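**Q** I'll drop the sequence and a predicted model, then ask my questions.
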Amino acid sequence: MRLKIHCPNTADGYPDLFLDDLDAPIASAMGRNMHDGFQHYLKLGTYRHPDIRATAKSILMM
């Protein structure tokens, strides 16, 4: 999996998600994704809450 992100203050920002060696993204979106002048970074993790029942599935939301 490969994630390509363009983070401008204008409406031409995007994240593109690629799977394996595909040339075209399997998911994409367009729009402003940087709302201030600070540098951004991506944080991914698994977060659990005691009220959430454990299953064999893991879902990553981006």
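**A** Sure thing, it's come through.
**Q** Quick check: which ranges of the chain have low pLDDT?
**A** 46-47, 52, 54-62 (pLDDT under 70).
**Q** Kindly check the end-to-end length of stretch 30-49 for me.
**A** 32 Å (Cα to Cα, to the nearest Å).
**Q** what's the answer for stretch 20-28, then?
**A** 16 Å.
**Q** Can you mark which positions in it are buried?
**A** By 16 or more other Cβ atoms under 10 Å, the buried positions in stretch 20-28 come out as Pro25. Where C-beta positions appear, they are placed from N, C-alpha and C, glycine not excepted.
**Q** which residues sit against the helix or strand containing Asp16?
**A** Per DSSP states H and E, Asp16 falls inside strand 14-18. Residues outside strand 14-18 that contact it (Cβ atoms under 8 Å, 6 or more residues apart in numbering): 1-6, 24-31, 33, 62.
**Q** again, 10 Å this time
**A** 1-8, 24-31, 33, 42, 62 (Cβ atoms under 10 Å, 6 or more residues apart in numbering).
**Q** Just the buried ones from those?
**A** Buried members of the contacts of strand 14-18, scored by 16+ other Cβ under 10 Å, are Pro25, Asn33.
**Q** Select from the contacts of strand 14-18 every entry located in strands.
**A** Residues of those located in strands (DSSP state E): Arg2, Leu3, Lys4, Ile5, His6, Ala27, Ser28.
**Q** from those, which single one is nearest Arg53?
**A** Arg53 lies nearest to Ala27 out of the ones in strands among the contacts of strand 14-18, by Cβ to Cβ, at 27.3 Å.
**Q** what's the closest non-adjacent residue to the closest one?
**A** In space, and not counting its chain neighbours, Ala27 is closest to Leu17: 4.3 Å by Cβ to Cβ, 6 or more residues apart in numbering.
**Q** Could you give the bridge partners of that neighbour?
**A** Leu3, Ala27 (DSSP bridges).
**Q** Distance-wise, check it relative to Arg48.
**A** 24 Å (Cβ to Cβ, to the nearest Å).
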